[in-house]
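K.L.:
Requesting a structural model of the entry that follows:
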Amino acid sequence: MKRTAFYNYHQEHGAKFVDFAGWEMPIHYGSIIDEHKQCRESGAVFDVSHMGRVRIAGRHARKLLETLLTRKVSDMDEGQARYSLICNERGGVIDDVLVYRFPDDWLLVVNASNREKVLAHIDVVARQSDYTVKVDDQTESTAMIAVQGPRVMEQIGKFSSTVPTMKNYRFTEKNLMILKMIISRTGYTGEDGVEVMLGAKMAPMAIKLLLKDKGEGVVKPAGLGARDTLRIEAGMPLYGHELDEDTDPLSAGLKFAVALDKDQTEDGPAVPRFVGQDALEKTAADGPPKQLIGLKIEGKRTPRQGCGLQKDGASIGTVTSGCMSPTLGVPIAMAYVKPGSTKEGETVSLALGIEGVPATVCKLPFYKRAR
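P.N.:
Below is the predicted model:
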């Protein structure tokens with residue numbers, strides 16, 4: 001398995017490791033629940049260096065990204081990041097990504113499990129469209145951490161007065177002593193915070209500097225276990241659970257990230273149609289084939305991916321993600337159901353054991369931080 005530049009740091013803090021997409025990653029440092037609460041109440045740092053970081057430059061870089069991504073990028077400002085999706089011709093999701101706009105090139109942050117697939121897809125699209133681009137996979141030469149929580153900006157403010165004033169989905173390049181890094185106001189926990197990218201060789205020094213709080217414990221390390229429970233509470237989709245190549249983004253509630261009219265721009269540069277646009281236009285016209293909902297479950301049993309969902313004895317859907325919510329104190333889950341088969345506040349039955357377990361349909365997200 002590959003190891004990130006923070007491996008020694010994880011060892012020093014007693015991490016338990018797991019294989020995640022070929023990377024040896026910390027699942028927790030003792031307690032997923034404690035790490036979850038640390039993020040919600042103060043601050044937590046997550047090693048996300050396993051995620052892919054791909055630079056795209058060249059004459060047709062913009063056109064390539066417009067062809068790849070469901071959202072428009074031509075209207076992005078320098079220093080702006082944007083959530084988008086990469087789809088196949090059927091409108092299924094190949095990956096969900098963040099795209100960053102720099103003065104002379106672009107950066108895609110992709111899921112670890114999809115990096116090779118995305119790189120292959122980029123190559124196919126570039127060749128088919130005869131685009132001249134340079135694609136540089138910088139995943140293993142760089143590192144990335146996410147620092148999330150309500151007290152994170154207070155901590156970051158000790159090193160930079162400008163980062164805490166940045167808007168969401170904006171980024172800046174900073175030089176901190178000899179450390180050059182990209183800091184973005186993005187994250188995957190439902191909390192405020194930043195994600196930081198920098199050279200792998202400087203990463204061990206950077207994490208000690210960024211987390212130096214004189215023993216106050218404002219920010220502590222957290223593993224992928226807490227990252228998952230945090231994102232479920234925040235109603236955020238995870239590839240392989242809520243998203244896959246047979247699931248369209250409209251079904252997943254990601255309509256905001258699909259610009260079906262982006263090629264109809266009257267002003268500015270011409271924008272090509274994106275891969276999967278024809279299929280998604282049809283899906284939008286006919287209505288998505290399934291709907292993502294939230295569930296709060298009675299008792300203490302937690303449903304897992306694949307658990308069946310019934311109403312009045314008939315099958316209506318399947319659970320995609322579930323956990324015992326440390327914040328709410330009850331089991332929660334996300335599930336796909338047939339459109340119109342249920343509504344908010346109704347009780348449905350989860351196939352947990354011989355008898356079904358009652359669950360109440362609710363809106364997503366389960367948790368929303370105070371602004």
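
K.L.:
mind listing what Pro289 touches?
P.N.:
Neighbouring residues of Pro289 by C-beta atoms under 8 Å, 6 or more residues apart in numbering: Asp248, Ser251, Thr283, Pro339. The way it works is simple: take the backbone N, C-alpha and C, and place the C-beta from them, glycine included.

K.L.:
now the residue nearest to Glu344 when sequence neighbours are not counted, which residues is it bridged with?
P.N.:
Among residues not flanking Glu344 along the chain, Val361 sits closest, at 5.5 Å (C-beta to C-beta, 6 or more residues apart in numbering). When assigned by DSSP bridges, Val361 has beta-bridge partners Leu295.

K.L.:
Could you chop the protein up by domain?
P.N.:
7-49+139-222, 53-138+235-282, 291-362 (automatic domain parsing).

K.L.:
looking at the ones you listed, which is closest to Lys368?
P.N.:
Using C-beta to C-beta as the criterion, the shortest distance between Lys368 and these is 7.0 Å, found for domain 7-49+139-222.

K.L.:
Give me the mean pLDDT for the closest one.
P.N.:
The pLDDT scores in domain 7-49+139-222 average 93.

K.L.:
which residue ranges form the helices in the stretch 101-250 of the chain?
P.N.:
Ranges of helices in the stretch 101-250 of the chain, per DSSP state H, counting those that start in this stretch, are 115-129, 152-156, 203-210, 224-233.

K.L.:
hey, which of those is tucked in deepest?
P.N.:
Looking across the helices of the stretch 101-250 of the chain with neighbours counted as mean count of other C-beta atoms under 10 Å, the highest average goes to helix 224-233: a mean of 24.

K.L.:
For that one, name the packing helices and strands.
P.N.:
strand 23-28, helix 32-41, strand 44-47, strand 314-324, strand 331-337 (3 or more C-beta pairs under 8 Å, 6 or more residues apart in numbering; DSSP states H and E).

K.L.:
Now with 10 Å, please.
P.N.:
Taking 3 or more C-beta pairs under 10 Å, 6 or more residues apart in numbering; DSSP states H and E as the contact definition, the neighbouring helices and strands of helix 224-233 are strand 16-20, strand 23-28, helix 32-41, strand 44-47, strand 142-148, strand 314-324, strand 331-337.

K.L.:
the inter-axis angle of that helix versus strand 142-148?
P.N.:
With axes from the mean of the first three to the mean of the last three C-alpha atoms, to 10 degrees as the criterion, the two stretches helix 224-233 and strand 142-148 enclose an angle of 60 degrees.

K.L.:
Run the chain-centre distance for the next helix or strand after helix 224-233.
P.N.:
Under the assignment DSSP states H and E, the closest C-terminal helix or strand after helix 224-233 is helix 277-286. Averaging C-alpha coordinates over helix 277-286 and over its chain gives two centres that are 24 Å apart (C-alpha atoms, centre = their mean, to the nearest Å).

K.L.:
check contacts around the residue nearest to Glu344.
P.N.:
Contacts were defined as C-beta atoms under 10 Å, 6 or more residues apart in numbering; by that measure Val361 touches 293-296, 309, 311, 335, 337, 341-348.

K.L.:
and the two most separated of those residues?
P.N.:
The span of those, defined through C-beta to C-beta, is set by Lys296 and Ser341 at 17.7 Å.

K.L.:
More neighbours: which of these two?
P.N.:
Between Lys296 and Ser341, counted using other C-beta atoms under 10 Å, the more crowded position is Ser341 (19 against 16).

K.L.:
Next one, pLDDT for that one please.
P.N.:
Turning to Ser341, the model gives it a pLDDT of 97.

K.L.:
Give me the neighbour count for the residue lying closest to it once chain neighbours are set aside.
P.N.:
Beyond its immediate neighbours in the sequence, the residue positioned closest to Ser341 (C-beta to C-beta, 6+ apart) is Ile316, lying 4.3 Å away. When neighbours are defined as other C-beta under 10 Å, Ile316 has 19 of them.

K.L.:
gap between Ile316 and Lys343?
P.N.:
Between Ile316 and Lys343 the distance is 12 Å, computed by C-beta to C-beta, to the nearest Å.

K.L.:
thought Glu191 was touching Ala234?
P.N.:
Yes: judged on C-beta atoms under 10 Å, Glu191 makes contact with Ala234 at a distance of 8.2 Å.

K.L.:
hey, what's in contact with both of those two?
P.N.:
Tyr367, Arg369.

K.L.:
buried stuff in stretch 99-116?
P.N.:
Residues of stretch 99-116 classed as buried: 99-101, 106-115 (neighbour count, 16 or more other C-beta atoms under 10 Å).

K.L.:
typo on my end, it should be stretch 56-72
P.N.:
With burial defined by 16+ other C-beta under 10 Å, the residues of stretch 56-72 counted as buried are 56, 58, 60-72.
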